[in-house]
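1. Provide a 3D model corresponding to the input given below.
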Amino acid sequence: MDLDAVTDELYGLPPDRFTAARDARVKEARGAGDRSLAAEIGRLRRPAVSAWLVNLLARRRGAAIEKLLALGADLREAQESRAGDDLRRLAGDRQRLVSALVRDARRLAGEEGHPPSGTVEDELAATLAAALADPDAAAAVRSGHLVGPLQHSGFGWGKAPSAGGHLRVVAEPAARGRVKPDGAAERAGQAARQTAEAARDEAMAQARRAEVHAREALARQEAAKALVADLKEQLDLTRQAVTAAAGEVRATGRASRVAARRAEHAQSAVDRLG
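-> Numbers count the residues shown, from 1 in each chain. Next comes the predicted model:
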């Protein structure tokens, strides 16, 4: 048994099974005499439901996750080059892919007996959006070991700043002098921790929904700006075509009048000879 294998096992479990499974692994490591491994396993934290959904997607929809992360690089490149057509197309692809992944996660979670709430789905969408915008977030999503939902610290699809301080890592440092409680004290501590984590997740949910909505609004704004630029260019070309056509009309009118005068002169000559 090693930490990587245990971590991979635990973060594939639904949150309500995590703590018991972790504690069982801690006990197993202690029984094997590996107190260092037991301590490291004990520091692993129960994932939020939305983080578990991301971990589930990383395991069961790996190809779709990789497609999402590749799309993020394309979006950033389109933003930097101000390629309006590409940006609109990729923004549409982004929305479709994120929506499809959220639907897949909903279905997978339902099969596990844990249908997600709307708040959880919003956090999932925010995490996937963070993975599109930030390479560190992308790596965290790809790992399948998320503890909590991620949030990109900036807006838009330009170069993303480091996600340091914005990504919650799996293994958190142990508190100084921490002693693992036993029996009733341990159960009480676990219950208190779970209650605190649930309260934390709920408190963050509204802010994350606002973040998702703001990011989507900005993406729509960028696409609209690109569309306006294209329409302006088309309008300029249309005006040039109208101006050219007007010139042709004037030239044709002059030629018609000259031809009419020549016809009149010819007719007059015929009449005189007649």
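2. okay, CA-based contacts and neighbour counts for the rest of this
-> OK.
3. how about the helices in the chain?
-> If DSSP state H is used as the criterion, the helices of the chain fall at 3-10, 15-31, 35-42, 49-60, 62-81, 84-111, 118-133, 135-143, 183-273.
4. pLDDT averaged over the longest one - what is it?
-> By that I understand helix 183-273. The average pLDDT within helix 183-273 is 70.
5. on that earlier part again, mind putting the helices of the chain into a markdown table with mean neighbour count and distance to residue 149?
-> Putting the helices of the chain into a markdown table (neighbours: other C-alpha atoms under 10 Å; distance: least, C-alpha to C-alpha, whole Å) gives the following:
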| stretch | mean neighbour count | distance to residue 149 |
| --- | --- | --- |
| helix 3-10 | 15 | 17 |
| helix 15-31 | 17 | 13 |
| helix 35-42 | 18 | 21 |
| helix 49-60 | 25 | 5 |
| helix 62-81 | 18 | 16 |
| helix 84-111 | 17 | 14 |
| helix 118-133 | 25 | 6 |
| helix 135-143 | 20 | 10 |
| helix 183-273 | 13 | 9 |
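6. so which of those helices gets nearest residue 152?
-> Distances from residue 152 to each of these were compared using C-alpha to C-alpha; the shortest belongs to helix 118-133, at 4.7 Å.
7. and the closest residue to residue 143 other than its chain neighbours, how close does it get to residue 114?
-> Across the structure, with C-alpha to C-alpha, 6 or more residues apart in numbering as the measure, the residue nearest residue 143 apart from its sequence neighbours is residue 58 (7.3 Å). Residue 58 sits at a distance of 17 Å from residue 114 (criterion: C-alpha to C-alpha, to the nearest Å).
8. got it, and residue 59?
-> Counting by C-alpha to C-alpha, the separation of residue 59 from residue 114 is 17 Å.
9. distance of residue 26 from residue 11?
-> When residue 26 is compared with residue 11 (using C-alpha to C-alpha), they lie 15 Å apart.
10. for residue 253, same thing?
-> Residue 253 sits at a distance of 81 Å from residue 11 (criterion: C-alpha to C-alpha).
11. next one: residue 128
-> Note on residue 128: its distance to residue 11, by C-alpha to C-alpha, is 17 Å.
12. swap in residue 33?
-> Applying C-alpha to C-alpha, the value for residue 33 to residue 11 is 24 Å.
13. between those two, point out the one with more neighbours.
-> Summary of the neighbour comparison: residue 33 and residue 11, criterion other C-alpha atoms under 10 Å, with residue 11 having more neighbours (26 against 11).
14. which residues does that one contact?
-> With C-alpha atoms under 8 Å, 6 or more residues apart in numbering as the criterion, the residues that contact residue 11 are 18, 47, 52, 55, 144-146.
15. in a markdown table, list the residues you listed along with distance to residue 231 and pLDDT.
-> Listed next are the contacts of residue 11 as a markdown table, based on distance: C-alpha to C-alpha, whole Å; pLDDT from 0 to 100:
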| residue | distance to residue 231 | pLDDT |
| --- | --- | --- |
| 18 | 54 | 97 |
| 47 | 47 | 95 |
| 52 | 44 | 97 |
| 55 | 43 | 97 |
| 144 | 43 | 95 |
| 145 | 46 | 95 |
| 146 | 44 | 95 |
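16. would you reformat the residues you listed as JSON lines and include distance to residue 118?
-> What follows is the contacts of residue 11, written out as JSON lines (distance: C-alpha to C-alpha, whole Å):
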{"residue": "18", "distance to residue 118": "22"}
{"residue": "47", "distance to residue 118": "18"}
{"residue": "52", "distance to residue 118": "15"}
{"residue": "55", "distance to residue 118": "18"}
{"residue": "144", "distance to residue 118": "22"}
{"residue": "145", "distance to residue 118": "22"}
{"residue": "146", "distance to residue 118": "19"}
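17. what's the farthest-apart pair in these?
-> 18 and 144 (14.4 Å).
18. test my guess that residue 18 contacts residue 10.
-> Yes. Under the contact definition of C-alpha atoms under 8 Å, residue 18 touches residue 10, with a separation of 6.1 Å.
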